[in-house]
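1. Quick one, what's the 3D model for this:
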Amino acid sequence: MALPKRDIDLIALKALRRRYGVVYPKGQVIFREGEASRQFFIVLQGRIEITRQLPDVDGSGPGRQVLVTLGPGDFFGEMAAFTGEPRSSDAIVVEDASLLYFNERTALELLRTSPQFALGLIQTLCDRIRNNNLQLAEMRVEVERLRRLLPVQDSAPEMPPAATATGQPAVAAGAPDGAAVASDIDRPARPLDEETFALKDLTCPVCRKTFPFPIVRSKHIRVIGRDTDFREVHGGVNPLHYAIGVCPQCLYAAFPEDFAPLEPTVVNMLRDDELRRRAAFGGFDFSGARDASLAAQSYELALRCATLRRAGPDRRARLHHARAWIAREMQDAEAERGYLGQSLADYQYRLEHDHAMNADTEGALTYLLGDLSLRLGKPEEALNWLRAAIDHDSLKRKPALMRVARERLEEARLSARQTQMSEA
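-> Okay, the predicted model is just below:
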């Protein structure tokens, strides 16, 4: 993949030729892999090949791989110059070249005196990192494709994953929040019960594929409790597990209402990210029944897509809050706290900037900020929000919410006193 050519103020750099210039003829090796040299080079004229030696795998001798060919305005050797590590490749002149060369000290002087060069260098390094990440994602997808093509060998019967004392599958030690154990990846989707689920067609705004989206039938939704931050506790199937639609073709994920047409620039960003989504989430099948672990992955995927399409604070808050509820269901207190903190920030931003918000939403959101602040160990902030909620006219028309708000206010007062005593 060709990288964009960034502006490093080449015209101004050419004025440094007398002080820092060097000329190399065609065929000259500037440095070799493994050397401990510390120079950093900028190409003014000519072409340089950056190559690596390939191992001898067939007895015919080692080969060479051209990693990139550089021309005027490109630079190379920066890793060794700034880190002191040995050279990771060879640099060979393939067309008579005029270069600038710097050591660590003079390169830092150049960065300080030429802001445009510094910006161009940073942008180029970011481009290279992004390109490397994309190549890694493509390699993972290709490895996964080849693995699935291999025939299954006869072996001992597959054993189910070890279970914890709660009877749930064990999570690998050190696995990230919401991550399934390896046995959860590529696990065939459990079919949906047609009695429990209705199917609605969704059309992906990115790849235009139409696919069935499961909706829990209302007669099978059984609420057995509610938490103070509006989370519903369900007996049986949990509709929260199925709130995110996931396109099986390109892995665009969102609430169903966010499958409306998107701006072309947003579509292009989501298409550019597809390989990365496949590398991270391609092993999960979201088309069937979802447990809490698989639901967590659907929200992670939706959060990634929301970031790419620059979703507003309301949508981000809903996704973060729902993800926190899934973590609570999985009894992952650390992950819950992290997602609650993100939803708190999103809700607060919305309250402060959404001037078209109606009174009922404003009152409920003010209460919710108090509840979340208390859950996050911020009793003083919780007191302020809960007092404001109780004084809000909309809560006076909702006696059940007003009662909960007063109870949470008392809890916040008690927590604030305990905090003050512990700090005394």
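2. Domain map for the chain?
-> Recorded structural domains for the chain (assignment: automatic domain parsing) are 10-136, 193-356.
3. average model confidence for the last one?
-> Domain 193-356 shows an average pLDDT of 94 in the prediction.
4. Could you do stretch 4-19 as well?
-> Looking at stretch 4-19 alone, the average pLDDT works out to 83.
5. If you count neighbours, what's buried in it?
-> Residues 6, 8, 10, 13-14, 16 are the ones in stretch 4-19 that count as buried (16 or more other CB atoms under 10 Å). Every C-beta, even on glycine, is put in place using the N, C-alpha and C of the backbone.
6. now swap in stretch 279-291 and tell me
-> Across stretch 279-291, burial judged by 16+ other CB under 10 Å covers 279-287, 289-291.
7. Turn these into CSV, columns for distance to Thr83.
-> Listed next are these as CSV, based on distance: CB to CB, whole Å:
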residue, distance to Thr83
Ala279, 27
Ala280, 29
Phe281, 33
Gly282, 34
Gly283, 35
Phe284, 37
Asp285, 43
Phe286, 42
Ser287, 46
Ala289, 50
Arg290, 45
Asp291, 45
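8. Show me which pair in the residues you listed is furthest apart.
-> Using CB to CB, the two most remote members of the buried residues of stretch 279-291 are Ala279 and Ala289, lying 24.6 Å apart.
9. Out of the buried residues of stretch 4-19, which is nearest to Arg310?
-> When the buried residues of stretch 4-19 are ranked by distance to Arg310 (CB to CB), Arg6 comes first, at 24.0 Å.
10. wait, that closest one sits on Gly120?
-> Yes: judged on CB atoms under 8 Å, Arg6 makes contact with Gly120 at a distance of 4.2 Å.
11. Show the contacting residues for the spatially most central residue of the chain.
-> Residue closest to the average C-alpha location in the chain (CA atoms, centre = their mean): Arg304, at 5.1 Å. Taking CB atoms under 8 Å, 6 or more residues apart in numbering, we find Arg304 in contact with 253, 273, 277, 280.
12. With Gly27 instead?
-> Applying CB under 8 Å, 6+ apart, we find Gly27 in contact with 92-93.
13. Assign it to helix, strand or coil.
-> coil (DSSP: H, G, I helix; E, B strand; the rest coil).
14. Distance to Glu334 and secondary structure added to the buried residues of stretch 4-19, as a markdown table?
-> Listed next are the buried residues of stretch 4-19 as a markdown table, based on distance: CB to CB, whole Å; DSSP: H, G, I helix; E, B strand; the rest coil:
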| residue | distance to Glu334 | secondary structure |
| --- | --- | --- |
| Arg6 | 40 | coil |
| Ile8 | 44 | coil |
| Leu10 | 50 | helix |
| Leu13 | 49 | helix |
| Lys14 | 55 | helix |
| Leu16 | 52 | coil |
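15. Output the buried residues of stretch 279-291 in JSON lines; the columns should cover secondary structure and distance to Glu35.
-> Compiled in JSON lines, these are given as follows (DSSP: H, G, I helix; E, B strand; the rest coil; distance: CB to CB, whole Å):
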{"residue": "Ala279", "secondary structure": "helix", "distance to Glu35": "34"}
{"residue": "Ala280", "secondary structure": "helix", "distance to Glu35": "37"}
{"residue": "Phe281", "secondary structure": "helix", "distance to Glu35": "42"}
{"residue": "Gly282", "secondary structure": "coil", "distance to Glu35": "40"}
{"residue": "Gly283", "secondary structure": "coil", "distance to Glu35": "41"}
{"residue": "Phe284", "secondary structure": "coil", "distance to Glu35": "45"}
{"residue": "Asp285", "secondary structure": "coil", "distance to Glu35": "49"}
{"residue": "Phe286", "secondary structure": "coil", "distance to Glu35": "50"}
{"residue": "Ser287", "secondary structure": "coil", "distance to Glu35": "53"}
{"residue": "Ala289", "secondary structure": "coil", "distance to Glu35": "58"}
{"residue": "Arg290", "secondary structure": "coil", "distance to Glu35": "54"}
{"residue": "Asp291", "secondary structure": "coil", "distance to Glu35": "54"}
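16. of all the residues you listed, which comes closest to Pro205?
-> Phe286 (17.2 Å).
17. Sketch out the helices for this protein, chain order is fine.
-> Ranges of helices in the chain, per DSSP state H, are 10-14, 17-20, 78-83, 104-113, 115-149, 264-272, 274-281, 292-308, 313-329, 333-353, 359-375, 379-391, 393-396, 399-423.
18. just so I know, which of those helices lies nearest Val43?
-> Closest of the helices of the chain to Val43 is helix 10-14, at 9.2 Å (criterion: CB to CB).
19. ok, and what's touching that closest one?
-> By CB under 8 Å, 6+ apart, helix 10-14 touches 42, 44, 72-73, 100, 114, 116-117.
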